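Visitor: This is the structure alone, sequence omitted:
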């Protein structure tokens, strides 16, 4: 029975290891597999052999030096004798089992430290020295962790040896615990244990000496790193304790030739007393009586070290800070001119539009889109524009159709890429898709649309077959044209012909994968043939993590069309928590905001870091799963170290094609980490940092008031520069919500060494921060009235606020926020539509059907009338007859709202009636606004002949408006 269990375990182990090799070989990263396997096996064997040799050797030595006359030499048989008599017949078996368990646990533990060993063995100099010891930073990042690992291993081995030797000596009469008289021991037992205790104390001396270098990671002082007390009290104390420990070790060794317990007792007492007085009491006294009364002056130099190291380690040392007055008013003509220069502002919010993409582009129920869409750049009307993108990934078969064949042989891949310019919506507030449908139709050219490797791919699929054989993989639903439009008549099947996956045609491999997945169908199904391939480990992040286990990956992979293929782009980081003096933070807390908490994005490891670089750009081909790594920061010593360890698995950045480079961007998680660091480390003076009065924080998400506001990708212009695709964020002061600073970085691939740019607002001026801007929007009378009408008396419609974008504009700050509506009823077909746009500049609020209207209300009419852009419908002209009563306008609005809700409640929804009702609702709301004396402009069509200047929602005057291009 035991043999059978062992055989099964070995088969499962072999199947797991060999299929892992086959996977690595299929992606051309077998060198990674071999490096990992050999390193872990060698470390396992070395660790297990050393531990068994040290502990087992001491047990054997204790047994061989047992008393010649047996356990009874100290008197009558005692409890130990009974244990010995029971154990002795099985001594070898127990010893073997114990050593086996010890070897297994120790070897596994040491093998798990493969990263520490490889970093030590391949260490690359930083060519920078720490400010305390004058050592290259590579000592602390690569060498110090390895020395600590070795020292901990030796401590464990010696402690276990002391325990094991003592037990053996006790069982075989080497010593006895007697009362009175204490401990009686043989000379051999006393000498053996004295040597072991001496070795332990000698290791303690080495530990004290090594701890001196570990002070650069101290958290005793005001900031992370060696403090005044550490340098002036703990550092000399560690040196003194190392010398004392060395003396105590010699005293323990003297116990070998000098019988009695006096010398070991003196050594132990001296060690404990010195550790308490010198190692603990003295530093506390220095901290209490020298540092705390004068902490700012005492800690100044060490705070400055921390500031410099932290800024360098997180890559924010090149950030530029510019004073920005943030005007709340300016020359109207200048503002009008600048407002016309605003590019196609992205209004579509990728965090809200997944249901809209799902309803409009899902095509069939077994396709699905991610909950969080992505932002990329594609040509729109001849210019690059922010574009909301997603792939149409495969989902689960419908209920009743789920079985092994459908799950793993039929529903194998998604199909197509969907893109919508971020500044375009149709008359119903829906995205205007520039790439859509199955087969793909749009502006992005010809590409391979099949998605075999995606964020929602099945755990494994069997694909491929003879060219002329039966096709069983569902490719896409077949459509035919009829008088009523497109009708589904069937499906088109496909046979995979790419190089992705592992060939699984032979019986041996099928048997291995049957063991791996516990699935006999892999052996019995007749559809699996000599050309079949099995695909697994298919999520982009998971694939990259397998081939580059030394990287920490960004949590937001995004798809792009590159050179006729759909590829997933993922940013890879090299990190460390051993950069001297740099502030340690949890990477998860640094990168968590409302976008991650709201959508349940997978968490990053809880490891703390104090160094990060975006060293690698990685791609995964959606059709064949090819993983490619590019060295984005080739100067990073950590990346250079890993390149030495794993050979040439990372290609140079010069190999990046122009097509791919056009879609690379500044990574979101790195930017989040950097902005969190800059909440305090924008202060570079130690005295100001100590006071902390100028520290910032990332504001809460304005729409929800929960978690942090995420950074936004948006095309914008910083003062004095040109328009760029940027990643932006805002800061507010601690305990307040007004704006403290605005930060942006060039997010294009042309900025591999992009510098963070910070606009710092004067602390003496209260400029609205994002939460205050949101409050101004919601408290505006006209805005709240119209939003309440959109919600309806019964609250059947939800009003959703999109991403609140902040832009430097006209010497001040411009806020732009899209407003969506969505039925509240829990139906599978509901989705948000863009209905309004909010704009704020200073205290002036604009609220229009599109960005043009909202800007006109804030800045006045543009100087040259233009026709509405094709993505915005012509709005109805304002009535020129005598205004009806307020009650009549309210009745019209309520009736239009009721009609729209009735249209939505139809199954399926009647979108034609819904559009008519929405048009009527808009007319009623415009009428209501005029009657309240707060309408700033006529709609974005041709102005009504009778239109005259009126006040906008903010009370600011505006001239008769004409249409301008909408964002």
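Guide: Sure thing, it's come through. Since we're looking at a predicted model, the values are computed, not measured.

Visitor: Give me the local confidence score for the residue most central in space within the chain.
Guide: Against the mean C-alpha coordinate of the chain, by C-alpha atoms, centre = their mean, the closest residue is residue 555 at 3.8 Å. Listed pLDDT for residue 555 reads 90.

Visitor: can you tell me how far residue 124 sits from residue 854?
Guide: 54 Å (C-beta to C-beta, to the nearest Å). Yep, even glycine has a C-beta here, placed from its N, CA and C like the rest.

Visitor: Compare those two and say which is more crowded by neighbours.
Guide: residue 854 (29 against 19; other C-beta atoms under 10 Å).

Visitor: now that one: how far from residue 626?
Guide: 46 Å.

Visitor: now do residue 659
Guide: Applying C-beta to C-beta to residue 659 and residue 626 gives a distance of 15 Å.

Visitor: More neighbours: which of the two?
Guide: A side-by-side neighbour count of residue 659 and residue 626, using other C-beta under 10 Å, places residue 626 first with 19 against 14.

Visitor: List the single closest residue to residue 256 in space, sequence neighbours excluded.
Guide: Spatially, and ignoring its direct neighbours in sequence, residue 256 is nearest to residue 191 (4.4 Å; C-beta to C-beta, 6 or more residues apart in numbering).

Visitor: Could you do residue 54 as well?
Guide: residue 157 (4.3 Å).

Visitor: can you confirm that neighbour is in a helix?
Guide: Yes: Residue 157: assigned to a helix according to DSSP: H, G, I helix; E, B strand; the rest coil.

Visitor: what residues does the helix or strand harbouring residue 758 touch?
Guide: Using DSSP states H and E, the element containing residue 758 is strand 757-760. Under the contact criterion C-beta atoms under 8 Å, 6 or more residues apart in numbering, strand 757-760 has outside partners 319-324, 326, 678, 682, 718-719, 740-745, 808.

Visitor: Out of those residues, which end up buried?
Guide: 319, 321, 324, 326, 678, 682, 718, 740-745, 808 (16 or more other C-beta atoms under 10 Å).

Visitor: Give the rounded mean pLDDT of the helix or strand where residue 671 lies.
Guide: Using DSSP H and E, residue 671 sits within helix 668-681. Here helix 668-681 scores 96 as its mean pLDDT.

Visitor: buried set for that helix?
Guide: For helix 668-681, the neighbour count (16+ other C-beta under 10 Å) marks 668-681 as buried.

Visitor: Determine the set of other helices and strands touching that helix.
Guide: Contacts defined by 3 or more C-beta pairs under 8 Å, 6 or more residues apart in numbering; DSSP states H and E place helix 668-681 against helix 295-313, strand 565-576, strand 585-586, helix 587-591, strand 611-621, strand 696-697, strand 723-733, strand 741-746.

Visitor: helices and strands around the next helix or strand after it, which ones?
Guide: Next in sequence after helix 668-681, counting helices and strands by DSSP H and E, comes helix 686-691. Packing partners of helix 686-691 (3+ C-beta pairs under 8 Å, 6+ apart): helix 295-313.

Visitor: and the helix or strand following the helix it packs on, which strands flank it?
Guide: Using DSSP H and E, the helix or strand that follows helix 295-313 towards the C-terminus is strand 320-323. Using DSSP bridges, the strands paired with strand 320-323 are strand 757-760 (parallel).

Visitor: can you pull the buried residues of the following helix or strand past the partner strand?
Guide: Using DSSP H and E, the next helix or strand after strand 757-760 towards the C-terminus is helix 770-779. Across helix 770-779, burial judged by 16+ other C-beta under 10 Å covers 770-774, 776-777.

Visitor: Can you lay out those as TSV showing distance to residue 212?
Guide: Formatted as TSV, these follow (distance: C-beta to C-beta, whole Å):
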residue	distance to residue 212
770	47
771	48
772	50
773	52
774	52
776	57
777	58
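
Visitor: Format those residues as JSON lines; extra columns: distance to residue 798 and pLDDT.
Guide: Output for these, formatted as JSON lines (distance: C-beta to C-beta, whole Å; pLDDT from 0 to 100):
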{"residue": "770", "distance to residue 798": "21", "pLDDT": "94"}
{"residue": "771", "distance to residue 798": "21", "pLDDT": "92"}
{"residue": "772", "distance to residue 798": "23", "pLDDT": "92"}
{"residue": "773", "distance to residue 798": "21", "pLDDT": "93"}
{"residue": "774", "distance to residue 798": "16", "pLDDT": "93"}
{"residue": "776", "distance to residue 798": "21", "pLDDT": "91"}
{"residue": "777", "distance to residue 798": "16", "pLDDT": "92"}
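
Visitor: could the helices and strands packed on helix 668-681 be laid out in TSV, adding mean pLDDT and distance to residue 284?
Guide: Formatted as TSV, the helices and strands packed on helix 668-681 follow (pLDDT from 0 to 100; distance: least, C-beta to C-beta, whole Å):
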stretch	mean pLDDT	distance to residue 284
helix 295-313	96	15
strand 565-576	97	31
strand 585-586	94	27
helix 587-591	92	30
strand 611-621	96	31
strand 696-697	95	33
strand 723-733	94	35
strand 741-746	95	39
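
Visitor: Cool, thanks, talk later.
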